[in-house]
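> the following block contains a protein sequence and its predicted model.
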Amino acid sequence: MSEKVCVGAIAGSFGVRGEVRLKSFTAIPEDIAIYAPLETEDGKHSYTVKITRQIKNGLAARLSGVSNKEAADALRGTQLYVPRERLPSLPDDEFYHADLIGLEVTDTGGTPLGKVMAVINNGADDLLELRAPGQKQTVLLPFTKAVVPTVDLAQGRIVADPPEGLFS
């Protein structure tokens, strides 16, 4: 498991007074401010966060040290992280996406199906994007209890029972 978890990203400036467009990756978007200070991936910069309002596709927010449009624009694309210990513990059947990426996936018989490259939220259920052995295209595996009965973080593996024809 990684020591830091990405909880959001800066999508650019909002207005001319230094606010940023903030995409939150937390279950309740406004909760991103609770976990502040947020850090860049390299840990060189840290920001306190004040959510100013909800906007289309995210939040408008003020970050400490960002006081004008140019400074906000310069942060476009910056991902924001928090140390794992600052995040709440999850129930047994919930996982942080960061913990799933990189896990090996096998079918119920132990045959390798691939490695998790990303977790995609399509609005309904999450999908695991797998890089399957011998395939050029990735495969999207529904991340439901029926299709993915076992996630073993301690062993670094996922056991799946994929729908018929998904890997052919």
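Great, that's in hand. Numbers count the residues shown, from 1 in each chain.

> distance-wise, check the spatially closest residue to residue 161 that is not a sequence neighbour relative to residue 158.
Counting by CB to CB, 6 or more residues apart in numbering, the nearest residue to residue 161 once its immediate chain neighbours are dropped is residue 108, at 5.3 Å. For every residue, glycine as well, the C-beta is placed using N, CA and C. Between residue 108 and residue 158 the computed distance is 11 Å (CB to CB, to the nearest Å).

> quick one, which of those two is more surrounded?
Remark: of residue 108 and residue 158, residue 158 carries more neighbours, 25 against 11, as counted by other CB atoms under 10 Å.

> sec struct for the more buried one, please.
strand (DSSP: H, G, I helix; E, B strand; the rest coil).

> who touches the residue lying closest to it once chain neighbours are set aside in this structure?
Closest residue to residue 158 apart from its sequence neighbours, by CB to CB, 6+ apart: residue 105 at 4.6 Å. Applying CB atoms under 8 Å, 6 or more residues apart in numbering to residue 105 gives the contacts 112-116, 128, 130, 141, 157-160.

> next: residue 90.
Neighbour list for residue 90: residue 96 [criterion: CB under 8 Å, 6+ apart].

> if I look at it, how far off is residue 84?
From residue 90 to residue 84 the distance is 11 Å (CB to CB).

> likewise for residue 40?
With distances taken as CB to CB, residue 40 is found 16 Å from residue 84.

> scan the helices and strands of the protein for the one with the lowest mean pLDDT.
helix 97-100 (a mean of 88; mean pLDDT, DSSP states H and E).

> distance from the next helix-or-strand element following that one to the middle of the chain?
Next in sequence after helix 97-100, counting helices and strands by DSSP states H and E, comes strand 104-107. Computed by CA atoms, centre = their mean, to the nearest Å, the chain-centroid distance of strand 104-107 equals 21 Å.

> who does the one helix or strand residue 10 maps to pair up with?
Following DSSP H and E, one finds residue 10 within strand 4-14. Paired neighbours of strand 4-14 in the sheet (DSSP bridges): strand 19-24 (antiparallel), strand 79-83 (antiparallel).

> pLDDT (mean, whole number) over the first one?
Going back to what we said before, that points to strand 19-24. For strand 19-24, mean pLDDT is 95.
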